[in-house]
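S.K.: model this:
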Amino acid sequence: MNQNLFIIGPVASGKNSLLDNLKKKYNINILDTGQLYRYIAFCIFQKTTINPNLESLYKNDIREEKRILQEVFKWNRTIEKSLKELEILDGKLNVDGQILKEDSLYSKEVNSIVAIIAKSDLIRKRILQFINNDIVKREGCYALTGHNISEMDTAQFTTIFLDINNEKAAERLYSRNPESYESILDAYKEVLERNNRDGINKTRNLIGSVYNEIYIDTTELSEDEVASVVTKELERIEKENQNFKQLQDVDSIDRQHFEWIFNPFLEVIKAYLDRNLDKFLKGKEYISKTDLEYQVLIKMCSYKIEELFKGDIALLREINSGINNRADKLDIFMKYLTDKRVSLNYELVNIEIRNQIDRLSNLYDNNSTKQIMAILNNSENKGNILLENIIYKKVDKEISKFIARNCHYLHTPRDDEFVSYGAFIEGQALPIAWVSFSKQDREYKKQLLYYLGIEPQNTLEMTRAWCSNSAPKNIMSSLFQYSINELEQEWKKLKEQGEVNKNLQAITTTINPNLGFKASSFLGCNFIPFALRPAKFTYGRQGNTTEYMTRREIEKNNLEYVENQFNVLPLNEIILSMDKRKQEEISRGRIYTMDKKNYNLVLEGEINGKDINSDQEQR
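M.R.: Here you go, the predicted structure:
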């Protein structure tokens, strides 16, 4: 086995029993993290001059407790050094070749202060650094037990949560040591007190968001049954991790060989649209030229190459086959056009321009919406709006839905929106630029983040971004930077409330080079490419009409399912890590490949029993 494990759960849920079973099966190093707090308490007596006053502590003297916690800071380096010197052997703490005996770790002196130092932010920080940064780098695998995942790096450990109801836990405690309790009611009270002190409910609420977590309710299971379930899950995770690593070994790209390229067929169509769309939009100012261009480009992918272009079909197919390998054929294709060996089917493109104008016209359900869109799309206002006069703020949910439905080219709001931000002109209700974020929910992206050592549950996906024609230059970069700062603060509040276990670690988003997106605003905010994933456009066909829509929409309306009819470039995944060292590490790494199996599961609309309404995530 090649995994570090972290076993957590309420009192009497079977953590130590599982630890023993795993040690026998996998011969791994084991450690109860509570021992580390006892070790620090032992070191305070042995290596510092703090000299805790036991008599005062027995009297619950608060002043003495505060003095000890204050003195701990003066001995920060000693504590840090003591942890680095620590070796773990067969679940025992070993220092300088000597195993610390239990009577040293459970002496009356250690017992008098262990609960006190466990309250120290500094001590917790040092112990967590030791676990997350030191233990994980040591040879072999480790299995640790603890009580919660506060600050634990769950990207370094496979997290196992053993649950149990309070009544059964009390029975187990009482049966193990009946002489310690007057009745089972006393054992029940101890269960409640210890679980409350350890924050078990918060951990229970968090555990479902952890990637690769294993949750088992042990209430009705024997120790052997629990071990059997865990073993099967660990073997499954091990196999998935190995398969993903093999995928990267074969398919990932050396970053030096990565270029941001564009689809040659769609670039030619895009150039034609840039030159000609204005004449089609006369009298229809409520339709954004940019939006219309995206709709036409997407729709063009539902045609075969020989329908879109005329001429040397063999040459067209040669270029089409090269797209699968991200071959940059744009210059060659342009030469073919100049030489008149191939030509664009202008008539077909013009037909689709008119069709998409009609579709967008029908999208705006009333004249009021059309008037709003006309104002937002009025490029004549561009020179009158100064960037320094823009107000940035959080966007109301209903306004965000309006922008997603009417302005963003996907024209579908995300039901799972976490938060959105906008750039406003003072006094106006609607933003002139807008960006929306959701929590990470795509399995293929979680898998890659975990592979990179980033906790997926502490990341966000930028799911929508839009800018009106009237917005000043560089407004998106300014909005992104504002949003990133706000999101970090928002996440810290969630951490304080116990809803997440860490600060925000990263923001990711997907860029579609097939539509000509260059990601300039993102790259200007220090996002970097880090992965590629398959692209697939889906269409619903009814009679002679074929329109782009999500697969779930197609199934809901019982329509014939159609995919893009020629090859399209994979989508570019980009990331911004909040940790500069991690960002630097990623920037030196390869361009990775998303797992096609997991990606296809999302396209099919179902993963892990959840209904996923895939929108292709094309920004």
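S.K.: any idea where the helices of the stretch 1-150 of the chain begin and end?
M.R.: 15-26, 34-47, 54-58, 62-74, 76-84, 102-105, 108-117, 121-129 (DSSP state H, counting those that start in this stretch).
S.K.: among the ones you listed, which is nearest residue 180?
M.R.: Among these, helix 108-117 comes nearest to residue 180, with 15.9 Å by CB to CB. For glycine as for every other residue, the C-beta is placed from the backbone atoms N, C-alpha and C.
S.K.: measure stretch 533-553 end to end?
M.R.: 22 Å (CA to CA, to the nearest Å).
S.K.: I'd like the mean pLDDT over that stretch, please.
M.R.: Mean pLDDT, computed over stretch 533-553, is 87.
S.K.: before we move on, back to that, TSV for the helices of the stretch 1-150 of the chain, including distance to residue 581 and mean neighbour count?
M.R.: Listed next are these as TSV, based on distance: least, CB to CB, whole Å; neighbours: other CB atoms under 10 Å:
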stretch	distance to residue 581	mean neighbour count
helix 15-26	31	18
helix 34-47	25	20
helix 54-58	41	14
helix 62-74	25	15
helix 76-84	19	15
helix 102-105	35	14
helix 108-117	29	18
helix 121-129	14	16
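S.K.: what element comes up after the helix or strand harbouring residue 576 heading to the C-terminus?
M.R.: Element membership of residue 576 [criterion: DSSP states H and E] is strand 571-577. Sequence-wise, the next helix or strand downstream of strand 571-577 (DSSP H and E) is helix 580-588.
S.K.: quick one on the thing from earlier: could the helices of the stretch 1-150 of the chain be laid out in TSV, adding distance to residue 268 and mean pLDDT?
M.R.: Listed next are the helices of the stretch 1-150 of the chain as TSV, based on distance: least, CB to CB, whole Å; pLDDT from 0 to 100:
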stretch	distance to residue 268	mean pLDDT
helix 15-26	58	91
helix 34-47	63	93
helix 54-58	80	90
helix 62-74	66	92
helix 76-84	61	92
helix 102-105	73	90
helix 108-117	69	91
helix 121-129	55	91
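S.K.: Contacts for stretch 168-183 next, please.
M.R.: 10-13, 164, 184, 187-188, 190-191, 219 (CB atoms under 8 Å, 6 or more residues apart in numbering).
S.K.: so the helix ranked longest in the chain versus helix 15-26, what angle?
M.R.: Secondary structure of the chain read by DSSP state H shows that its longest helix is helix 223-251. Per axes from the mean of the first three to the mean of the last three CA atoms, to 10 degrees, the angle that helix 223-251 makes with helix 15-26 is 60 degrees.
S.K.: Report the distance from helix 223-251 to the chain centre.
M.R.: Computed by CA atoms, centre = their mean, to the nearest Å, the chain-centroid distance of helix 223-251 equals 21 Å.
S.K.: My guess is residue 117 contacts residue 36. True?
M.R.: No - if you go by CB atoms under 8 Å, residue 117 and residue 36 don't touch, sitting 10.6 Å apart.
S.K.: for the stretch 451-600 of the chain, what spans make up the helices?
M.R.: Per DSSP H, counting those that start in this stretch, the stretch 451-600 of the chain carries helices over the ranges 475-496, 520-524, 551-556, 580-588, 596-603.
S.K.: Make JSON lines out of the ones you listed and add mean neighbour count.
M.R.: Putting those into JSON lines (neighbours: other CB atoms under 10 Å) gives the following:
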{"stretch": "helix 475-496", "mean neighbour count": "17"}
{"stretch": "helix 520-524", "mean neighbour count": "17"}
{"stretch": "helix 551-556", "mean neighbour count": "17"}
{"stretch": "helix 580-588", "mean neighbour count": "13"}
{"stretch": "helix 596-603", "mean neighbour count": "17"}
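S.K.: quick one, which of those is nearest to residue 540?
M.R.: Nearest to residue 540, of those and by CB to CB, is helix 551-556 at 4.1 Å.
S.K.: Phi, psi for residue 471 please.
M.R.: Backbone geometry at residue 471, expressed as degrees, to the nearest 10, gives phi -70, psi 140.
S.K.: mind listing what the closest residue to it other than its chain neighbours touches?
M.R.: The shortest distance from residue 471 to any non-neighbouring residue, by CB to CB, 6 or more residues apart in numbering, is to residue 432 (4.5 Å). By CB under 8 Å, 6+ apart, residue 432 lies in contact with 376, 385, 390, 422-425, 467-468, 470-471, 475.
S.K.: separation between residue 432 and residue 94?
M.R.: Separation of residue 432 from residue 94 (CB to CB, to the nearest Å): 64 Å.
S.K.: same check, this time on residue 210
M.R.: 31 Å.
S.K.: The two: who's more crowded?
M.R.: residue 210 (25 against 14; other CB atoms under 10 Å).
S.K.: For residue 542, give me its contacts.
M.R.: With CB under 8 Å, 6+ apart, residue 542 has these contacts: 557, 559-560.
S.K.: If you drop the residues flanking it in sequence, what lies closest to residue 502?
M.R.: residue 458 (4.6 Å).
S.K.: Assess the claim that that neighbour and residue 504 are in contact.
M.R.: Yes - Residue 458 is within contact range of residue 504, at 6.2 Å (criterion: CB under 8 Å).
S.K.: overlap in contacts of those two?
M.R.: Here residue 458 and residue 504 share the contacting residues residue 491, scored by CB under 8 Å, 6+ apart.
S.K.: Comparing the two, which residue is more hemmed in?
M.R.: residue 458 (25 against 20).
S.K.: can you count the residues close to residue 199?
M.R.: By the criterion of other CB under 10 Å, residue 199 has 16 neighbours.
S.K.: pLDDT score for the residue nearest to residue 495 when sequence neighbours are not counted?
M.R.: Counting by CB to CB, 6+ apart, residue 503 is the residue found nearest to residue 495 once chain neighbours are left out, at 6.2 Å. pLDDT, residue 503: 94.
S.K.: dump the residue contacts of residue 503.
M.R.: Going by CB under 8 Å, 6+ apart, the list of residues near residue 503 reads 458, 488, 491-492, 495, 578.
S.K.: Just name the closest of these to residue 56, please.
M.R.: residue 495 (34.4 Å).
S.K.: mind checking how far the closest one is from residue 213?
M.R.: 18 Å.
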